[in-house]
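# Return atomic coordinates for the entry below.
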Amino acid sequence: MNLPKTSVSVWIDNTETTNFPPLGGNISVDVAVIGGGITGLTAALLLKRAGLNVAVLEAAKIGSGVTGYTTAHLTVAADERYQNMISSLGEKDAKLVAESSQAAIDRIAQFVAEENIDCDFQRVPGYLYTENTQDISEIEKEAEATKKLGLNTSLTTELPLPFSVKAGLLFPNQAQFNSLQYLQGLAKTVNGGGSFIFEQTPVTNIKNNSVNDVYTERGIVSAKNVIIATHAPIHDISSLPELYVMSTKIAAYRSYVIGVKLRSPVPVGLFWDTDSPYHYTRSYGNILIVGGEDHKTGEEVNNQECYENLEAYVKARYDVESIDYYWSSQLYEPADGLPYIGKTATNNNIYIATGYSGNGLTFGTIGGMLISDLIVGRENPWSKLYDPNRINLLAGAQRFVTENLGVAKHFIADRFKTDAQELSEVPVGEGRILDIDGKKYAVYRDEAGNLSSLSPVCTHAGCIVNWNNAEKTWDCPCHGGRFSTTGKVLNGPPITDLNQQALPTSNVPKG
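Residues are numbered from 1 along each chain as shown. Below is the predicted model of the structure:
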């Protein structure tokens, strides 16, 4: 496979980085927002407009998390089919999902216009389609369900694709944009006038006192309200144990993307098929962006094969000139198909938003809109639907049990498993879990042959990490914590890095 040397998203490659300062001491604001992604910045701007002072704390750079690695589809069609929602939630709640999704897309369009954000926002058609005869009925049932909910959809087999389909469902007037440029536009608008954007300011703890104190290495932010907008709520189990319960309601998955140049014109629109896992496609300028190959984070798969499978899928359907980009991203599947947005169970002034599945930009915007309404005391018709404390046994019980049985299996079984016994078995540019004298080490050998050694125990809940050979990361299969080769937290609920763990002196090569 001919991948570029570096994994980078098309958005990050084509967008200048921001340069907001880190926190420089203790401050007090009305609302502390943890995370500079779409949820946090949407909420921050709406709250600032409502007259509140807001501080956004971003661990790295604005949009450097999941939002910068999305494919930036904006659609009312959620991963969970509407036909399934009607069955499990009822028609009334399914309609609220559709209405809130449409409101989110419209909110983005309004922000773009009101704040003059240059982010290539474009209204485009969206298509759910199948190449398989056996899935035609699924498309037809979804058409019936969307019509029942008042969505303007229509069946078609005429898609602007260079291959034929068996059936398709058109969702007109959807949208696409450059998600990173959009976030940067929001951040620039939030910053100033008593509100702040702080980059390079990772949060180390949250303590729920008379006011909430958000701890960082650079100071403490005190605020009546705290929004944890970190995709999966970061938390220290000892200080906010209820957020651990939330991590049992979501399952982390990796999804893979390649960006290719074609010898023919790129199709305009959003496209997603009925395969499992499904493929999703859009264009950006002369680049065709195709994603898919989802699997649970940290599961033992050859991650490189995911890109190879995507390449084969694309080359079988398009006239590919070159592969210019490749990247992956993380998503969290909720137990009942809907995200969890709102107040935590016992801390009324701490808010979370998570479980967006593959619809992060739409649901992330919903999250920012809903939480801002809750904080200012404005009634919102979606609050009960997305309540993180809801119980929907019909929709979520089976998935909840299945995912958590998997967590229990990894927690126990992975302690008895190793990749190698000797340092010589760790190739250049790769990582392995070693068992040396009965103790486990996560060992990585860099391109110069130097070894780094970490504890393989995830700092969130104590599961054992696995090596990801495509992204060169240590990934936890339990709740999706991801760490760099040096142990730095990259994704997921962990607050602290993997512990450094020196190799026994007798095992370290000399010279």
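
# After the lowest-mean-pLDDT helix or strand in the chain, which helix or strand is next?
The weakest-scoring helix or strand in the chain, judged by mean pLDDT, DSSP states H and E, is helix 393-413 (a mean of 47). With elements assigned by DSSP states H and E, the helix or strand that comes after helix 393-413 is strand 430-436.

# Quick check: next helix or strand after that next one?
strand 439-445.

# now residue 331, what's its secondary structure?
What DSSP: H, G, I helix; E, B strand; the rest coil gives for residue 331 is strand.

# ditto for residue 363
Per three-state DSSP, residue 363 ends up helix.

# I'd assumed residue 356 was in contact with it.
Yes - counting by Cβ atoms under 8 Å, residue 356 is a contact partner of residue 363 at 4.1 Å. Where C-beta positions appear, they are placed from N, C-alpha and C, glycine not excepted.

# Mind jotting down where the strands sit in the stretch 51-200 of the chain?
Taking DSSP state E, counting those that start in this stretch, the strands of the stretch 51-200 of the chain run over residues 54-57, 73-74, 122-130, 154-156, 167-176, 196-198.

# Redo those as a markdown table? Include mean pLDDT, mean neighbour count and distance to residue 215.
Converted to a markdown table, the strands of the stretch 51-200 of the chain look like this (pLDDT from 0 to 100; neighbours: other Cβ atoms under 10 Å; distance: least, Cβ to Cβ, whole Å):
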| stretch | mean pLDDT | mean neighbour count | distance to residue 215 |
| --- | --- | --- | --- |
| strand 54-57 | 99 | 28 | 10 |
| strand 73-74 | 98 | 26 | 35 |
| strand 122-130 | 99 | 20 | 41 |
| strand 154-156 | 98 | 14 | 53 |
| strand 167-176 | 99 | 20 | 38 |
| strand 196-198 | 99 | 23 | 13 |
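
# Residue 182 contacts residue 115, doesn't it?
No - taking Cβ under 8 Å as the definition, residue 182 is not a contact partner of residue 115, at 9.7 Å.

# Between the two, point out the one with more neighbours.
More crowded of residue 182 and residue 115, by other Cβ atoms under 10 Å: residue 182, with 28 against 13.

# what's near enough to touch the more buried one?
Applying Cβ atoms under 8 Å, 6 or more residues apart in numbering to residue 182 gives the contacts 38, 108, 111, 112, 117, 119, 121.

# Restricted to helices, list those residues.
In this view, the contacts of residue 182 that belong to helices under DSSP state H are 38, 108, 111, 112.

# which of these lies closest to residue 197?
Distance ranking of the ones in helices among the contacts of residue 182 against residue 197, using Cβ to Cβ, places residue 38 first at 14.3 Å.

# before we move on, the earlier item: and the ones in helices among the contacts of residue 182, which two are furthest apart?
38 and 112 (13.1 Å).

# Name the residue in these two with the higher neighbour count.
residue 38 (32 against 20).

# just checking, the more buried one touches residue 364?
Yes - if you go by Cβ under 8 Å, residue 38 and residue 364 touch, sitting 3.8 Å apart.

# which residues are common contacts for these two?
With Cβ under 8 Å, 6+ apart, residue 38 and residue 364 have common neighbours residue 67.

# circling back to that earlier point, between the contacts of residue 182, which is closest to residue 47?
residue 111 (13.8 Å).

# Residue 32: helix or strand, and which one exactly?
Secondary structure (DSSP H and E) places residue 32 in strand 27-34.

# What is that strand packed up against?
If contacts are counted by 3 or more Cβ pairs under 8 Å, 6 or more residues apart in numbering; DSSP states H and E, strand 27-34 sits against helix 38-49, strand 54-57, strand 212-216, strand 219-228.

# residues making contact with it?
Residues outside strand 27-34 that contact it (Cβ under 8 Å, 6+ apart) are 40-41, 43-44, 47, 52-57, 194-196, 203, 206, 211-212, 214, 219, 221-230, 234, 375.

# let's see 7 Å
Strand 27-34 has contacts (Cβ atoms under 7 Å, 6 or more residues apart in numbering) with 40, 43-44, 47, 52-57, 203, 212, 214, 219, 221-230, 234, 375.

# what about the nearest residue to residue 204 once chain neighbours are set aside, how many residues close to it?
Closest residue to residue 204 apart from its sequence neighbours, by Cβ to Cβ, 6 or more residues apart in numbering: residue 215 at 5.0 Å. Here the number of neighbours of residue 215 (other Cβ under 10 Å) works out to 16.

# repeat for residue 208
16.

# Please apply the same query to residue 187.
The burial count for residue 187: 23, using other Cβ under 10 Å.

# and what of residue 21?
Around residue 21 there are 13 residues (other Cβ under 10 Å).

# if we can go back for a sec, the helices and strands packed on strand 27-34 into TSV, with extra columns for distance to residue 500?
Compiled in TSV, those are given as follows (distance: least, Cβ to Cβ, whole Å):
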stretch	distance to residue 500
helix 38-49	30
strand 54-57	25
strand 212-216	21
strand 219-228	25
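
# just for the stretch 1-150 of the chain, where's the confidence low?
In the predicted model, the stretch 1-150 of the chain carries pLDDT under 70 at residues 1.

# wait, what's in contact with residue 304?
Counted by Cβ under 7 Å, 6+ apart, residue 304 has contacts 469, 470.

# tell me which residues of the helix or strand harbouring it are tucked away?
If you go by DSSP H and E, residue 304 is part of helix 303-315. By 16 or more other Cβ atoms under 10 Å, the buried positions in helix 303-315 come out as 303, 306, 307, 310, 311, 313, 314.

# Kindly export it (C-alpha atoms) in PDB.
This file holds the C-alpha atoms of helix 303-315, laid out as PDB (Å, rounded to 0.1, in the frame of the first residue of the first chain):
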ATOM      1  CA  ASN A 303      -4.800  -1.800  12.200                       C
ATOM      2  CA  GLN A 304      -2.700  -1.400   9.000                       C
ATOM      3  CA  GLU A 305      -5.100  -3.800   7.200                       C
ATOM      4  CA  CYS A 306      -8.000  -1.400   7.800                       C
ATOM      5  CA  TYR A 307      -6.300   1.100   5.500                       C
ATOM      6  CA  GLU A 308      -5.500  -1.600   3.000                       C
ATOM      7  CA  ASN A 309      -9.200  -2.700   3.000                       C
ATOM      8  CA  LEU A 310     -10.300   0.900   2.400                       C
ATOM      9  CA  GLU A 311      -7.800   1.300  -0.400                       C
ATOM     10  CA  ALA A 312      -9.200  -1.900  -2.000                       C
ATOM     11  CA  TYR A 313     -12.800  -0.600  -1.600                       C
ATOM     12  CA  VAL A 314     -12.000   2.800  -3.200                       C
ATOM     13  CA  LYS A 315      -9.900   1.400  -6.100                       C
END
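
# for that helix, the distance to its chain's centre please.
From the chain centre to the centre of helix 303-315 is a distance of 21 Å (Cα atoms, centre = their mean, to the nearest Å).

# Over to stretch 153-170?
For stretch 153-170, the separation from the chain centroid amounts to 28 Å (computed by Cα atoms, centre = their mean).
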